[in-house]
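> 3D, please:
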Amino acid sequence: MKRTQFSTQRVDLITSHLTEVVRDLRLVDAADYIAFIRCELFGNIADIVNSATELHFHPGTLTFGLGGDYILDWASSPVVTLDLEFCNLGVSAYFRLILSAEESKIDLHHLRFAETGRSPAENTELLDAAFQDARLPQLAAPERME
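Numbers count the residues shown, from 1 in each chain. Predicted coordinates for the structure are as follows:
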């Protein structure tokens, strides 16, 4: 996607909403992701993504897009790329999560809004609202009785 003021804001917004999911996805060894991608065992990656999202998002709102890639050579650390899809409240976002030893990045490919004619700023607010609506309520720790 071409970088604009709004696309940069939207990537930052998506990144902030996926912090916990990315942390959970990083618990899986890079070698496992690479093996699954190389052997085209995308169902295994879908299971991992579902497990990482189930505590944070409603089912079906953030899913694995059945695609991925990796960079693995003798001169650098591995890089794993996973296709992800987010759909909620008429907002669909298609992006790649890039995982490396140094960082995690979002590469936003496409955004689709069910309602057209809104301003870019309103669409960014709608994207944020869709992510907030897709989140599961976080349970607070019960108070201790003494």
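> and Arg112, what element?
Here Arg112 sits within strand 104-113, counting by DSSP states H and E.
> off-centre distance for that strand?
9 Å (Cα atoms, centre = their mean, to the nearest Å).
> tilt between the next helix or strand after it and strand 104-113?
Note on strand 104-113: by DSSP H and E, the next helix or strand toward the C-terminus is helix 120-134. With axes from the mean of the first three to the mean of the last three Cα atoms, to 10 degrees defining the directions, helix 120-134 sits at 110 degrees from strand 104-113.
> flag every buried residue along helix 120-134.
Of the residues in helix 120-134, Asn123, Thr124, Leu126, Leu127, Asp128, Ala130, Phe131, Ala134 count as buried by neighbour count, 16 or more other Cβ atoms under 10 Å. No exception for glycine: its C-beta is placed from N, CA and C like everyone else's.
> what does stretch 83-103 give?
Within stretch 83-103, the residues that count as buried by 16+ other Cβ under 10 Å are 83-89, 91, 93-99.
> could you point out the helix or strand that follows the lowest-mean-pLDDT helix or strand in the chain?
Every helix and strand in the chain was compared by mean pLDDT, DSSP states H and E; the lowest is helix 5-17, with a mean of 92. Where DSSP H and E defines the elements, the next helix or strand beyond helix 5-17 is helix 19-25.
> which residues does that following helix contact?
48-49, 51-53, 55-57, 62, 82, 97, 99, 104 (Cβ atoms under 8 Å, 6 or more residues apart in numbering).
> put the alpha carbons of it into CSV.
Output of helix 19-25 as CSV, limited to C-alpha atoms (Å, rounded to 0.1, in the frame of the first residue of the first chain):
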residue,chain,number,x,y,z
THR,A,19,0.6,-6.0,20.8
GLU,A,20,-0.6,-8.9,22.9
VAL,A,21,-1.2,-11.1,19.9
VAL,A,22,2.2,-10.5,18.5
ARG,A,23,3.7,-11.2,21.9
ASP,A,24,1.9,-14.6,21.9
LEU,A,25,2.9,-15.4,18.3
